[in-house]
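Undergrad: Fold the following.
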Amino acid sequence: MPPPGRRTDGPGALGCPAGPYGTMAPTGQGNGRKGITMAADLWTSVVSLAGVALGGGLTALAQRATQRSAERVEERRQAVAAAESRRTEQIDVLKEFVACAQAAERAAYRRPDPWGDDEDGWMTQTGPVMTALWTASGNVTLLCDDTLRQPVRTYGHALNAAVWRDIGEAEVNEHLEEAKTAFMDAARASLAGSRPPERTAGSGGQVY
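TA: Have a look, this model is predicted:
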């Protein structure tokens with residue numbers, strides 16, 4: 001005989017207590033469904049966080065790449081500006097030296113004969129001219145390529161000889177021709193080598 005209070009048929013026959021709305025589900029089955037739901041929620045959170053982290057990382061990389069590109073553009077712009085400034089400075093000192101050399105050459109052509117007479121104040125006027133020439137030659141040596149150092153010195157000495165010393169029967173232009181030509185060739189080569197790099201168009205229509 002079944003134990004008292006245990007039904008062998010009907011809603012409570014399988015050991016599941018009958019509720020007011022029918023038979024209740026077994027306790028183990030309910031816990032299993034709850035565990036599956038929690039696991040799905042956990043994976044959803046993990047995937048979501050991973051997506052956020054990945055998106056943030058990609059954004060940071062893109063920002064860094066953009067920043068680095070802007071830095072490279074700025075570095076190129078500064079390099080071009082520095083090269084242009086230096087080349088302008090070299091042109092200025094070379095122009096100054098050429099002007100002083102021409103003044104010294106004119107003084108050589110006006111040199112009194114016999115030399116030593118201060119005819120029309122020649123010696124008084126020529127002294128500052130030669131001082132300016134040596135100052136200009138020092139600026140070229142200081143600011144321009146080393147390849148100009150010897151040609152400038154040689155040309156300056158040739159001018160100094162034409163002005164203050166005896167150059168024999170040679171004409172002033174003949175005496176100066178070789179040194180002058182060597183200097184001008186070296187000056188042109190120096191300026192060609194110091195030409196700044198070609199600038200390329202950047203964003204926003206700016207030139208770098």
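
Undergrad: Where does the spatially most central residue of the chain fall, secondary structure wise?
TA: With distances taken as Cα atoms, centre = their mean, the chain has residue 75 as the residue nearest its mean C-alpha position (2.4 Å). If you go by DSSP states H and E, residue 75 is part of helix 27-109.

Undergrad: Could you list every helix and strand in contact with that helix?
TA: Based on contacts counted as 3 or more Cβ pairs under 8 Å, 6 or more residues apart in numbering; DSSP states H and E, the elements that helix 27-109 packs against are helix 122-143, helix 149-164, helix 172-193. The C-beta positions use only the backbone N, C-alpha and C, and glycine is treated the same way.

Undergrad: For those helices, state which one has the densest average packing.
TA: A comparison of the helices and strands packed on helix 27-109 by mean neighbour count, using mean count of other Cβ atoms under 10 Å, puts helix 149-164 on top with a mean of 20.

Undergrad: Can you pull out the residues in contact with that one?
TA: 97, 101, 104-105, 107-108, 111, 126, 130, 133-134, 137, 140-141, 167, 172, 175-176, 178-180, 182-183, 185-187 (Cβ atoms under 8 Å, 6 or more residues apart in numbering).

Undergrad: Show the average pLDDT along that helix.
TA: When the per-residue pLDDT values of helix 149-164 are averaged, the result is 94.

Undergrad: helix/strand/coil for the nearest residue to residue 175 once chain neighbours are set aside?
TA: Beyond its immediate neighbours in the sequence, the residue positioned closest to residue 175 (Cβ to Cβ, 6 or more residues apart in numbering) is residue 167, lying 4.7 Å away. Secondary structure, DSSP: H, G, I helix; E, B strand; the rest coil: residue 167 is coil.

Undergrad: so who does residue 52 touch?
TA: Under the criterion of Cβ under 8 Å, 6+ apart, the contact list for residue 52 is empty.

Undergrad: and it, how far is that from residue 58?
TA: Going from residue 52 to residue 58 by Cβ to Cβ, to the nearest Å gives 11 Å.

Undergrad: Over to residue 81?
TA: Remark: distance between residue 81 and residue 58 (Cβ to Cβ) = 35 Å.

Undergrad: Who has more neighbours out of the two?
TA: Between residue 81 and residue 58, counted using other Cβ atoms under 10 Å, the more crowded position is residue 81 (13 against 10).

Undergrad: do you know how far the more buried one is from residue 139?
TA: Residue 81 sits 22 Å away from residue 139 when distances are taken as Cβ to Cβ.

Undergrad: All set, thanks.
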